[in-house]
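In: okay, here's the prediction I keep looking at, along with the sequence it came from:
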Amino acid sequence: MTFDGEQRGDSRIQTLRIGGVTAEQNILLAPMAGVTDTAFRIVCREVGAKGFLYTEMVSAKGLCYGDRKSFELTRVTRPERPAAIQIFGADPLFIAKAVELLCESDADLIDINMGCPMPKITKNGEGSALMLDPARAAAVVRAAAGATKKPVTVKIRKGWDAARANAVEFAKAMEAAGAAMIAVHGRTREQMYGGRADWDVVARVKRAVGVPVVGNGDVFCAGDALRMLEQTGCDGVMIGRGARGNPWIFRGIAGAAARRPAPAERLAVMRRHLILAVAEKGEHTGVLEMRKHLAWYVKGMHGAAAIKNEIFRLTSSAELLCRIDQLGETL
Ligand SMILES: Cc1cc2nc3c(=O)[nH]c(=O)nc-3n(C[C@H](O)[C@H](O)[C@H](O)COP(=O)(O)O)c2cc1C
């Protein structure tokens, strides 16, 4: 068996059905605040992602209070589908109201964040802090599931810390509360993003529940994704950091194309991403966002550090476009 991801039609790459919604492939784009905005999701789709694409996390309270920016984060366009909106919150009443407000959205799934490790979130009992309070987390899932016809899913961690690595029991409780899929990031909250993700916990959750289980953590290439599917028996793989600057990772896993696209295509995608970002967020914010993405796109290129420094000094989309064109000489 080969794990190079360039074989055709790997049997581990399948459709993924969550609730009544089917995605053509079981490789998902993870929610990432500050990264997985509309422009990036469209780019991922256009270059070959065929699984569920996730929004950045959105505050349930922000939605309930009518915060404009929160609503913008939930906007899902047709080409992005099938897509999930991820919300965070720990109050079942706010969660139910927020989910109701999203009923008319084009999104296919509503996901609840139970993994965010940031103190500003966990100090309110939200994100990964919900794993310390399974009863509250279950009430949150019940409230969400009762407020929408869309499938409600959860994204959890291995647990809060090594002593409280309760993912298996927690996942069973979320399933009983109505979760239609469980995504498991194999790190505890205490680990934040450090150390290695434990894929064994993904396998254990998979054996414990009947709903689909999606594994997450440290998938950076096709081989990683295929190994995670093989080793854990999970139903799908969710990719976060491995997609930054590398939206082609999805089609590489499906064996639909060589992993490394030709230079001309890479430049064309960077240009397209920039145009989408500016169209979506306006010149100023679009340029700021895109500088970050370009820094990821150039990672690994010859002279990347110097190019990155240069990119961060550019202030207009015209300058960025020009710099992208010049990258042709380095690729
Ligand atoms: C910049 C950044 C932002 C993230 N934002 C979110 C988020 O909004 N919601 C969430 O559930 N996880 C978030 N995560 C966690 C990822 O979804 C994922 O679980 C984690 O990065 C591990 O997967 P990976 O190894 O494929 O990156 C974020 C991660 C990063 C690096």
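Out: Received, thanks. Please read these numbers as outputs of a predicted model, since none were measured by experiment.

In: wait, what's in contact with Met290?
Out: Residues near Met290 by CB atoms under 8 Å, 6 or more residues apart in numbering: 273-274, 277-278, 317, 320. In short, each C-beta sits where N, CA and C put it, glycine included.

In: so how far is the helix or strand it falls within off the chain centroid?
Out: According to DSSP states H and E, Met290 maps onto helix 263-298. Remark: helix 263-298 is offset 19 Å from the chain centroid, using CA atoms, centre = their mean, to the nearest Å.

In: among the contacts of Met290, which two are most distant?
Out: Farthest pair in the contacts of Met290 (CB to CB) is His273 and Ser317. Separation: 11.2 Å.

In: does Ile112 count as helix, strand or coil?
Out: Under the three-state scheme (DSSP: H, G, I helix; E, B strand; the rest coil), Ile112 adopts strand.

In: wait, it sits on Lys155?
Out: Yes. In this structure Ile112 lies within contact range of Lys155 using CB atoms under 8 Å: 7.3 Å.

In: and for these two, which residues touch both?
Out: Listed as contacting both Ile112 and Lys155 by CB under 8 Å, 6+ apart are Gln86.

In: next SSE downstream of the helix holding Met290?
Out: Once helix 263-298 ends, the next helix or strand along the chain (criterion: DSSP H and E) is helix 304-311.

In: in that following helix, what's buried?
Out: Neighbour counts over helix 304-311 (16 or more other CB atoms under 10 Å) mark 307-308, 311 as buried.

In: Ala167: which of those is nearest?
Out: Relative to Ala167, the closest of those is Lys308; by CB to CB it sits at 36.5 Å.

In: okay, the angle between the helix holding Met290 and helix 304-311?
Out: Going by axes from the mean of the first three to the mean of the last three CA atoms, to 10 degrees, helix 263-298 is angled at 90 degrees with respect to helix 304-311.

In: check which residues of helix 263-298 are buried.
Out: By neighbour count on 16+ other CB under 10 Å, the buried set for helix 263-298 is 266-267, 269-270, 273-274, 276-278, 280-281, 286-287, 289-298.

In: now that helix: average pLDDT?
Out: Mean per-residue pLDDT for helix 263-298: 97.

In: closest to the ligand out of the buried residues of helix 304-311?
Out: Within the buried residues of helix 304-311, the smallest distance to the ligand is 16.8 Å, found for Lys308 (CB to the nearest ligand atom).

In: and the pLDDT for that closest one?
Out: 97.

In: swap in Asp4?
Out: At Asp4, pLDDT is 42.

In: close to the ligand: what parts of the stretch 201-331 of the chain are there?
Out: Residues of the stretch 201-331 of the chain lying close to the ligand (CB under 6 Å from any ligand atom) are 216-219, 239-242.

In: from those, which is closest to Asp133?
Out: For those, the nearest to Asp133 is Asn216 (21.8 Å; CB to CB).

In: phi and psi next, for that closest one.
Out: The phi/psi pair for Asn216 (degrees, to the nearest 10) reads phi -150, psi 140.

In: burial of Glu126, as a residue count?
Out: By other CB atoms under 10 Å, 25 other residues sit near Glu126.

In: same thing with Gln25?
Out: Going by other CB under 10 Å, the residues that sit close to Gln25 add up to 21.

In: go on, the one 5 residues further on?
Out: Ala30 has 25 neighbouring residues, counting by other CB under 10 Å.

In: ditto for Gly233
Out: Neighbours of Gly233 (other CB under 10 Å): 13.

In: check the one 4 residues further on too.
Out: Residue neighbour count, defined by other CB under 10 Å, stands at 30 for Val237.

In: what about it, which SS state?
Out: Judged by three-state DSSP, the three-state class of Val237 is strand.

In: okay, domains of this structure per the record?
Out: Domain assignment of the chain by automatic domain parsing yields the ranges 16-253, 263-327.

In: hey, which of these is tucked in deepest?
Out: Among the domains of the chain, the stretch with the highest mean neighbour count (mean count of other CB atoms under 10 Å) is domain 16-253, at a mean of 21.

In: which residue packs closest to whichever residue of the chain sits closest to the ligand, ignoring adjacent ones?
Out: Closest residue of the chain to the ligand, CB to the nearest ligand atom: Gly240 (2.8 Å). Closest residue to Gly240 apart from its sequence neighbours, by CB to CB, 6 or more residues apart in numbering: Ala30 at 3.6 Å.

In: in contact with that neighbour, which residues?
Out: Applying CB under 8 Å, 6+ apart, one finds that Ala30 lies in contact with 36, 54, 183, 216, 238-240, 243.
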